[in-house]
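Undergrad: Below are the sequence and a predicted model; questions follow.
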Amino acid sequence: MEDVVRPIIDFVRDHQGWAAPIVFVLAFGESLAFLSLLIPAWGALVGIGAMIGPSGMNFWPICIAGGFGAACGDWVSYWFGFTFKERVAQMWPLSRYPQLLPRGEDFVRDWGVPSIFIGRFFGPLRASVPLVAGIFEMPYGRFQFANFTSAFVWSATLLMFGDVISRIVTWLWSEI
């Protein structure tokens, strides 16, 4: 993962104007069914968050881009599940990870709409929960409310986590 994350962080450090679009794409990929299994982008998002304070980048445009990227990824995943229903389980890469959809189904059935918010913060559930919500036709308005709300909280959390860690390390470094 470091082989992918480091060049992204270096690029954003050198081209700060690209931070928001890159965060949008990373959050979209991290939230999109199928792709999120192959490219975990959360490390790059935390790393970019760590650069926000020291570089003087504005937090809010980057956070908003991350929120919209994550919400769009889940939106596409929901649509995909809604459109293709049970055929999704036979598609690669889910055909190689048969346990993901049943876990997502149990989670969505047990938790309902809050499953979208909760699932956003747990690895493989992040992309499978919206897919399952689409397969089982969770009401669209409820899904989108939970989707957009959780996407912005998730984006802010990852970016702030990186920013806070960066500030702590900077403070510790100055004290030593």
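TA: The structure has been received and is ready for your questions.
Undergrad: mean confidence for the longest helix seen in the chain?
TA: Criterion DSSP state H: the longest helix present in the chain is helix 140-175. Per-residue pLDDT values over helix 140-175 give a mean of 93.
Undergrad: likewise stretch 62-77?
TA: 97.
Undergrad: quick one: L26 and I9 touch, right?
TA: No - using CB atoms under 8 Å as the test, L26 is too far from I9 to be in contact (10.7 Å). (C-beta placed from N, C-alpha, C; glycine too.)
Undergrad: would you put the C-alpha positions of stretch 61-72 in CSV?
TA: The C-alpha trace of stretch 61-72 is given here as CSV (Å, rounded to 0.1, in the frame of the first residue of the first chain):
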residue,chain,number,x,y,z
PRO,A,61,-12.6,22.4,0.1
ILE,A,62,-10.6,19.2,0.6
CYS,A,63,-13.1,17.9,3.1
ILE,A,64,-16.1,18.7,0.9
ALA,A,65,-14.4,17.1,-2.1
GLY,A,66,-13.9,13.9,0.0
GLY,A,67,-17.5,13.9,1.2
PHE,A,68,-18.9,14.3,-2.3
GLY,A,69,-16.5,11.7,-3.6
ALA,A,70,-17.5,9.2,-1.0
ALA,A,71,-21.2,9.9,-1.4
CYS,A,72,-20.9,9.5,-5.2
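Undergrad: Can you point out the buried residues in it?
TA: Residues I62, C63, I64, A65, G66, G67, F68, G69, A70, A71, C72 are the ones in stretch 61-72 that count as buried (16 or more other CB atoms under 10 Å).
Undergrad: Make a markdown table out of those residues and add distance to V88 and secondary structure.
TA: Below are the buried residues of stretch 61-72 laid out as a markdown table (distance: CB to CB, whole Å; DSSP: H, G, I helix; E, B strand; the rest coil):
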| residue | distance to V88 | secondary structure |
| --- | --- | --- |
| I62 | 32 | helix |
| C63 | 31 | helix |
| I64 | 30 | helix |
| A65 | 28 | helix |
| G66 | 26 | helix |
| G67 | 26 | helix |
| F68 | 24 | helix |
| G69 | 22 | helix |
| A70 | 20 | helix |
| A71 | 20 | helix |
| C72 | 19 | helix |
